[in-house]
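[1] Have a look; sequence and predicted model below, questions after that.
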Amino acid sequence: MNELCHIRSIPSSCFCSPNSKTSQKNPRQALVKVQANRVSISMHNSEMKVPHVLTVAGSDSGGGAGIQADLKACAARRVYCSTVITAVTAQNTVGVQGVDIVPEEFVAEQLRSVLSDMHVDVVKTGMLPSPGIVKVLCQSLREFPVRALVVDPVMVSTSGDVLSGPSVLAGFREELLPLADIVTPNIKEAAVLLGGVPLRSVSDMRAAAKLIRDMGPRNVLVKGGDLPDSSDSTDVLFDGEEFYELRSSRVNTRNTHGTGCTLASCIAAELAKGSSILEAVRASKRFIETALDYSKDLVIGNGTQGPFDHFFALKNISQNSTRQDKFNPNDLLLYAVTDSRMNRKWGRSILDAVKAAIEGGATIVQLREKDVETQEFLDAAKVCLEVCHSYGVPLIINDRIDVALACDADGVHVGQSDMPAHVARTLLGPEKIVGVSCKTPEQAQQAWIDGADYIGCGGVYPTTTKENNSTVGLDGLKEVCLASKLPVVAIGGIGPSNAHSIMEIDVPNLKGVAVVSALFDRECILTATRNLHSLLSEAAKLKK
Ligand SMILES: Nc1ncnc2c1ncn2[C@@H]1O[C@H](COP(=O)(O)OP(=O)(O)OP(=O)(O)O)[C@@H](O)[C@H]1O
Ligand SMILES: Cc1ncc(CO)c(N)n1
Ligand SMILES: [Mg+2]
């Protein structure tokens, strides 16, 4: 793949004369045409070109392989995926119960719809169940050339059911494979392509790769997922000159249904983004290995071959089971914020301090460890998170988004000069809690725009925990609360002697107080927290 590959030959049927109906309806196409005449296709400043894979494959009703796997794989690799469906299968984790082949004319029509309208970078093929379908596909590829073609020569499902019979072999060998940039047979498919001799070892796979390359594809990847008695999972890539043995550990799981489709789609997606074949194959193999590992214990269906989870990268967002998933503003009632200097002064570990605060009734905890080494901070965060979750209390990390991500904390709290809240939101995803320190109504408004969940307003009173921190006082706090669309927690110099004056401020979104010294700079954190909690609970009751 070189840079010039981005300049694709555009089929003339895409473009119409300036007076034609299409160009009137869609001014963007006319613009593309003018630019295409000047050799390069560039988009308007505000337009984003999305890498695009078209998959030509069968539907798997069980959702694990075929079109469904292709869509998930491309989405997981952040590539757009359009679909031409060649067959509808009735399939589950037990096997294939039925196959309904789409008539070749209608496959041709789907191909025309997509390829005449959309800029497709890479075509990936899966189940091609009839010689007629192979033929119309090859015709379309000649009419609408794309940058790369990935052929997964799907023939037999892992359950042993035939997905496309020997009648397609001639079309594969004579027409399709010579157009392919890469073909990805598993060991059984490699054997079928070569006339039936079974593959039993990596050296058989190398020999097969060489023979299949003689059929015309530029690269051959023989997949070893089904190689018997193998402790690792080795695939062999042959580019005509070099053999590459790509190894990964074999994940011990039943959930390998759809690995072949996913691997081919991933390769297509990486090629669409501009990777070389070797880079694309390596990245895709890594993706499969990680996905299988994350999904090894999934239980979907009663059969012997289950599907796996393509979106393991979203795991942090979706599997926070011990805490109620949505942020509850009432958790801000007693917000305990740790301080490493105070813990050192009293000879306590972060964990002991957090435990005591939770037992005393803290409703949310923030680790604010300004002068602790990263590794120590992360280790502490992990154990604190366990304790917090066992009590159903959210744990927030001050400032350090990396630490929050690494330990899967419930959220982060950022100041005005830390990572901007909208960046924190993007990095952490939609479900995590993002809090922002604000002193002014403008900052409160910005926090809301940035997608924060709450704001911390202060310092309300002078404090020793933060140097050079100007105070906003009760009036400033009230002003910010009135301007804020988000719930507010007051912070700065707050303790049992003044907490009631804060809770008396008559604004519904002022939810509680955040406290450092009044909890952690005390001989007994448990007692200090308990006292403050009962005072705040009373005040909150009166507020209602
Ligand atoms: N248990 C496993 N652990 C790690 N990698 C695996 C495992 N099973 C398969 N793979 C990998 O997944 C990819 C697909 O391999 P496989 O040989 O299973 O394809 P396939 O038989 O076409 O897939 P399908 O099950 O979708 O028909 C290869 O990269 C292979 O090495
Ligand atoms: C539709 C379909 N395509 C491909 C495979 C191969 O895994 C399958 N089982 N089903
Ligand atoms: Mg397999």
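    Ah, there it is. Ligands and ions are numbered 1, 2, ... in the order given.

[2] isn't residue 176 right up against residue 133?
    No. Here residue 176 does not reach residue 133: they are 10.3 Å apart, not a contact under CB atoms under 8 Å. Where you see a C-beta, it was placed from the backbone N, CA and C, and this is true even at glycine.

[3] Same drill for these two, tell me which one is more crowded.
    Of the pair residue 176 and residue 133, residue 133 is the one with more neighbours under other CB atoms under 10 Å, namely 27 against 24.

[4] Model confidence score at residue 450, please.
    pLDDT, the model's per-residue confidence, is 89 for residue 450.

[5] distance of it from ligand 3?
    For residue 450, the distance to ligand 3 (CB to the ion, to the nearest Å) stands at 46 Å.

[6] Over to residue 174?
    Computed with CB to the ion, the distance linking residue 174 and ligand 3 is 26 Å.

[7] do residue 354 as well
    Using CB to the ion, residue 354 is found at 47 Å from ligand 3.

[8] Could you pull up the residues touching that residue?
    Contacts of residue 354 were listed using CB atoms under 8 Å, 6 or more residues apart in numbering, and they are 336, 338, 365, 367, 384, 387-388.

[9] can you do 6 Å?
    Residue 354 sits next to 365, 384 when contact means CB atoms under 6 Å, 6 or more residues apart in numbering.

[10] sec struct for it, please.
    When classified by DSSP: H, G, I helix; E, B strand; the rest coil, residue 354 comes out as helix.

[11] From here on, call the first residue 38.
    All set: I'll call the first residue 38, so the last point we hit is now residue 391.

[12] State the pLDDT value of it.
    We have a pLDDT of 97 for residue 391.

[13] Same check on the one 4 residues further on?
    Looking at residue 395, its pLDDT is 97.

[14] you'd agree it is in a helix?
    Yes. The assignment for residue 395 by three-state DSSP puts it in a helix.

[15] got the phi/psi numbers for the nearest residue to it once chain neighbours are set aside?
    The spatial neighbour of residue 395 that comes closest, neighbours along the chain excluded (CB to CB, 6 or more residues apart in numbering), is residue 428 at 5.0 Å. Backbone torsions for residue 428, taken as degrees, to the nearest 10, come to phi -100, psi 0.

[16] Report the buried residues of stretch 96-116.
    Neighbour counts over stretch 96-116 (16 or more other CB atoms under 10 Å) mark 96-97, 99-111, 113-114, 116 as buried.

[17] With stretch 435-449 instead?
    Using 16+ other CB under 10 Å as the burial criterion, the residues of stretch 435-449 that qualify are 435-438, 440-449.

[18] Among the residues you listed, which ones are in helices?
    Assignment to helices by DSSP state H places the following of these there: 438, 440-444.

[19] still on that earlier bit, if I read this right, the residue nearest to residue 395 contacts residue 396, doesn't it?
    No. Checked against CB atoms under 6 Å, the pair residue 428 and residue 396 is beyond contact range at 8.1 Å.

[20] which residues sit against stretch 246-263?
    Identification of contacts with stretch 246-263 by CB under 6 Å, 6+ apart yields 210, 214-215, 217-224, 227, 230-231, 242, 245, 270-277, 296, 314, 318.

[21] quick one on the thing from earlier: any chance of the ones in helices among the buried residues of stretch 435-449 in CSV, with distance to residue 379 too?
    Shown next, in CSV, are those (distance: CB to CB, whole Å):
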residue, distance to residue 379
438, 24
440, 20
441, 22
442, 26
443, 24
444, 22
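
[22] any chance of those in JSON lines, with distance to residue 557 and pLDDT too?
    JSON lines is the format used below for those (distance: CB to CB, whole Å; pLDDT from 0 to 100):
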{"residue": "438", "distance to residue 557": "23", "pLDDT": "96"}
{"residue": "440", "distance to residue 557": "19", "pLDDT": "97"}
{"residue": "441", "distance to residue 557": "20", "pLDDT": "97"}
{"residue": "442", "distance to residue 557": "25", "pLDDT": "95"}
{"residue": "443", "distance to residue 557": "24", "pLDDT": "95"}
{"residue": "444", "distance to residue 557": "20", "pLDDT": "95"}
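
[23] Give me the buried positions along stretch 489-509.
    Residues 489-498, 500, 502-503, 506, 508-509 are the ones in stretch 489-509 that count as buried (16+ other CB under 10 Å).

[24] from those residues, which is closest to residue 132?
    Checking these against residue 132 by CB to CB gives residue 490 as the nearest, at 47.0 Å.

[25] I'd like the distance between the closest one and ligand 1.
    In this view, residue 490 and ligand 1 are 39 Å apart by CB to the nearest ligand atom, to the nearest Å.

[26] How about the backbone phi and psi for that residue?
    For residue 490, the backbone dihedrals (degrees, to the nearest 10) come out as phi -100, psi -30.

[27] Using JSON lines, lay out the buried residues of stretch 435-449 together with distance to residue 122.
    Output for the buried residues of stretch 435-449, formatted as JSON lines (distance: CB to CB, whole Å):
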{"residue": "435", "distance to residue 122": "51"}
{"residue": "436", "distance to residue 122": "49"}
{"residue": "437", "distance to residue 122": "47"}
{"residue": "438", "distance to residue 122": "42"}
{"residue": "440", "distance to residue 122": "45"}
{"residue": "441", "distance to residue 122": "42"}
{"residue": "442", "distance to residue 122": "38"}
{"residue": "443", "distance to residue 122": "41"}
{"residue": "444", "distance to residue 122": "43"}
{"residue": "445", "distance to residue 122": "38"}
{"residue": "446", "distance to residue 122": "43"}
{"residue": "447", "distance to residue 122": "42"}
{"residue": "448", "distance to residue 122": "42"}
{"residue": "449", "distance to residue 122": "43"}
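
[28] Residue of the stretch 438-581 of the chain nearest ligand 1, please.
    Ranking the residues of the stretch 438-581 of the chain by distance to ligand 1 (CB to the nearest ligand atom) places residue 445 first, at 24.6 Å.

[29] so what's that residue scoring on pLDDT?
    On the pLDDT scale, residue 445 is placed at 93.

[30] what do you get for residue 285?
    Here the pLDDT value assigned to residue 285 is 84.

[31] ok now do it, which residues does it touch?
    By CB under 6 Å, 6+ apart, the residues touching residue 285 are 270, 322, 326.

[32] So which of these are in helices?
    The helices, defined by DSSP H, take in 322, 326 from the contacts of residue 285.

[33] from the contacts of residue 285, which is closest to residue 416?
    Closest approach between the contacts of residue 285 and residue 416, by CB to CB: residue 326, at 27.1 Å.

[34] ok, now which ones touch the closest one?
    With contacts defined as CB under 6 Å, 6+ apart, residue 326 is in contact with residue 285.

[35] Can you give me the distance of it to ligand 3?
    From residue 326 across to ligand 3, the span is 14 Å (CB to the ion).

[36] Could you give the separation of stretch 460-477 from the chain centroid?
    Here the centre of mass of C-alpha atoms in stretch 460-477, compared against the chain's by CA atoms, centre = their mean, to the nearest Å, lies 19 Å away.

[37] repeat for stretch 89-103
    Here stretch 89-103 shows a centroid-to-chain-centroid distance of 19 Å under the convention CA atoms, centre = their mean.

[38] Can you check the distance spanned by it, start to finish?
    Chord length of stretch 89-103, first to last residue, is 17 Å (CA to CA, to the nearest Å).

[39] Contacts for it, please.
    Residues external to stretch 89-103 that are found in contact with it (CB under 6 Å, 6+ apart): 104-105, 107, 111, 116-129, 151, 157-164, 174, 294-295, 298, 305-306, 309, 344.

[40] How is residue 560 assigned, secondary-structure-wise?
    coil.

[41] Name the nearest residue to it, ignoring sequence neighbours.
    With CB to CB, 6+ apart as the criterion, residue 560 has its nearest non-adjacent residue at 7.4 Å, and that residue is residue 383.

[42] which parts of the stretch 288-437 of the chain sit against ligand 2?
    Taking CB under 6 Å from any ligand atom as the criterion, the stretch 288-437 of the chain approaches ligand 2 at residues 295, 297-298.

[43] likewise the chain?
    Taking CB under 6 Å from any ligand atom as the criterion, the chain approaches ligand 2 at residues 94-97, 102-103, 126, 128, 163-164, 191, 194, 200, 295, 297-298.
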